[in-house]
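Colleague: Structure of the sequence below:
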Amino acid sequence: MTTSEIRPPQIGRIMHFALRARQANMFLVLLFSLLIGLVFGGFLIILTTPALMSSWGHFFSHPGATISSSWNTVWFAYEQLFQGALVNFHSLRSLIDSPSKTNLANVLAPLSGTLTYATPLIVAGLGLAVGFRSSLFNIGGQGQVIVGGVLALLVSISFNLPPFFQVSLEIIAAVVGGALVAGLAGVLKAYTGAHEVIVTMMTNYTMVLILGYLLITSVFARPGVHDGASKAIEVSGQLPYFLSHLNSALLLNFGFPIAFAMVLVVQWFFNRSKTGFQLLMVGQNPDAARVAGISSRRSIIICMALSGALLGLAGMLKITGVDHLATPNFGGSYGFDAITVALLGRNKPWGVFFGAIFFGVMFTGGAAMQAFTPTNIQFSLSQVIQAVVVFCVATPALVIEAFRLRDGASLVSTNGSGGWV
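Modeller: Purely as a prediction, here's the structure:
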């Protein structure tokens, strides 16, 4: 059918669809941000691969071979990143040809690693998003993750209960510990005006030092061993694995459904509960909230306590589901990465969820890329791509302008509630 044969209403619908396709929205900004990150990473691969740089030095003598070799190197690197984090197509083909437990485990291994890494990050990101949406900047995530992990470990080595009760008690201890530490910062802000950024930042250093001390005490240190590692979490206190019957190396555990449940809880809290609405109102317009009779002091304390509770839970999921013991570096950079995850997710629960999954993909895929590419492309490249994507998402106006998208006003706004509408 030619254009002249299309009825006017059809032309109108087609034009409407074309205009809508160019309108700035969450999906498009994320898609173009990822594209920018991959292109930037591709240039870095070329610049840091001596053989490719040598080929580009003689570009005019063999342009086709130069472009082809560069493309193949970048493509193969990204293929390893994808297959190392989500699905290995060679393993999938082997499973189809020869179904077995071993082949099924090989197929699930990349996704298992990604979700295992992302699980504590989902909960920690939700904790920081709760504060950010109320215009409270809880920068003490690292300290609160440590508190949650240490208290969960203390429960594990102090009690020997049936698994369900043992894990439940660990969760309660971690949640209460994180809530108390962050809630203290909330009380200081509410009643003295102390800035939550300074207070929570100082708790990071405090908790790191306390952790270092506890690990050399008789309560936590292993008898006769002085390597800085704590006693191990009892088996009854460990989160059970989903896929251990296939392969013991598959570490995906019941922490993931807990994290998924927390996404639903936080979503409900802000969308359906009275307290959640009050916290949002205090964050967006404190004056209007005060006129409406909402106590800003109460809201600040509740918000900080909820934020800390989720971060404490993240520490519990990390130590009972992955590490099974504490070291001076317990928690890694989860507390700080959670800030970036919340930013990437625009402080929305599902945005945080997928932001943490993206971090998991970059972590596990980056390791696979370094291990399996012939030129051993460094793991840090995946972190560079991750940083570029986060930068683009944090500055949507640049993406909107670069790709000439329309109606981007709702994405540019970064008020207290955050998030795209």
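
Colleague: From here on, just use CA atoms for contacts and neighbour counts.
Modeller: Will do.

Colleague: Compute the distance between Asp97 and His90, please.
Modeller: 11 Å (Cα to Cα, to the nearest Å).

Colleague: Ser236 versus Phe165, what's the distance?
Modeller: Distance from Phe165 to Ser236, by Cα to Cα: 9 Å.

Colleague: Pick out whichever of the two has more residues nearby.
Modeller: Ser236 (18 against 13; other Cα atoms under 10 Å).

Colleague: Tell me which residue is most central in the protein.
Modeller: The centroid of the chain falls nearest to Ala356 when counting by Cα atoms, centre = their mean (2.3 Å).

Colleague: Touching, it and Val341? I think so.
Modeller: Yes. At 5.9 Å, Ala356 counts as touching Val341 under the criterion of Cα atoms under 8 Å.

Colleague: what sits in contact with each of these two?
Modeller: Leu121, Gly125 (Cα atoms under 8 Å, 6 or more residues apart in numbering).

Colleague: Report the contact partners of Gly84.
Modeller: Gly84 sits in contact with Pro110, Thr364, Gly365, Gly366, Ala367, Ala368, Met369, where contact means Cα under 8 Å, 6+ apart.

Colleague: Would you mind naming the helix or strand containing the third one?
Modeller: Under the criterion of DSSP states H and E, Gly365 resides in helix 349-372.

Colleague: Mind jotting down where the helices sit in the stretch 1-150 of the chain?
Modeller: Ranges of helices in the stretch 1-150 of the chain, per DSSP state H, counting those that start in this stretch, are 8-21, 26-47, 50-57, 63-85, 89-97, 101-133, 141-158.

Colleague: Which of the contacts of Gly84 lies at the shortest distance from Lys348?
Modeller: The shortest approach to Lys348 among those belongs to Thr364, at 24.3 Å (Cα to Cα).

Colleague: May I ask you to confirm that the closest one is in contact with Leu115?
Modeller: No. Shown here, Thr364 and Leu115 do not form a contact pair, counting by Cα under 8 Å, at 9.5 Å.

Colleague: Mind telling me what element Pro328 is part of?
Modeller: Residue-wise, Pro328 maps onto no helix or strand under DSSP H and E.

Colleague: With the one 10 residues further on instead?
Modeller: Under the assignment given by DSSP H and E, the secondary-structure element containing Ala338 is helix 334-344.

Colleague: other SSEs contacting that helix?
Modeller: helix 101-133, helix 141-158, helix 349-372, helix 380-394 (3 or more Cα pairs under 8 Å, 6 or more residues apart in numbering; DSSP states H and E).

Colleague: What is the burial count for Met202?
Modeller: Residues near Met202, counting by other Cα under 10 Å: 14.

Colleague: Spatially nearest residue to it, not counting backbone neighbours?
Modeller: Among residues not flanking Met202 along the chain, Gly140 sits closest, at 7.5 Å (Cα to Cα, 6 or more residues apart in numbering).

Colleague: for the one you found, what are its contacts?
Modeller: Shown in contact with Gly140 (Cα under 8 Å, 6+ apart): Ala182, Val197, Val199, Thr200, Met201, Met202, Thr203, Asn204, Gly335.

Colleague: switch to 7 Å and redo it
Modeller: Thr200, Met201, Thr203, Asn204 (Cα atoms under 7 Å, 6 or more residues apart in numbering).

Colleague: Just give me the neighbour total for Gly177.
Modeller: For Gly177, the count of nearby residues is 27 (other Cα under 10 Å).

Colleague: Check whether it sits in a helix, strand or coil.
Modeller: helix (DSSP: H, G, I helix; E, B strand; the rest coil).

Colleague: what's the closest non-adjacent residue to Gly276?
Modeller: Here the residue nearest Gly276, using Cα to Cα, 6+ apart, is Phe270, at 4.4 Å.

Colleague: what distance separates the strand or helix carrying the one you found from the centre of its chain?
Modeller: Per DSSP H and E: Phe270 is located in helix 255-272. Relative to its parent chain, helix 255-272 has a centroid offset of 15 Å by Cα atoms, centre = their mean, to the nearest Å.

Colleague: Extract the C-alpha trace of the next helix or strand after that helix and format it as PDB.
Modeller: Per DSSP H and E, helix 255-272 leads on to helix 274-284 as the next helix or strand towards the C-terminus. What follows is helix 274-284, C-alpha atoms only, in PDB (Å, rounded to 0.1, in the frame of the first residue of the first chain):
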ATOM      1  CA  LYS A 274      -0.300   7.500  55.400                       C
ATOM      2  CA  THR A 275       3.200   7.700  56.900                       C
ATOM      3  CA  GLY A 276       4.800   7.300  53.500                       C
ATOM      4  CA  PHE A 277       2.700  10.100  52.100                       C
ATOM      5  CA  GLN A 278       3.700  12.300  55.100                       C
ATOM      6  CA  LEU A 279       7.400  11.600  54.500                       C
ATOM      7  CA  LEU A 280       7.000  12.500  50.800                       C
ATOM      8  CA  MET A 281       5.100  15.700  51.700                       C
ATOM      9  CA  VAL A 282       7.800  16.800  54.200                       C
ATOM     10  CA  GLY A 283      10.500  16.100  51.600                       C
ATOM     11  CA  GLN A 284       8.700  18.000  48.800                       C
END
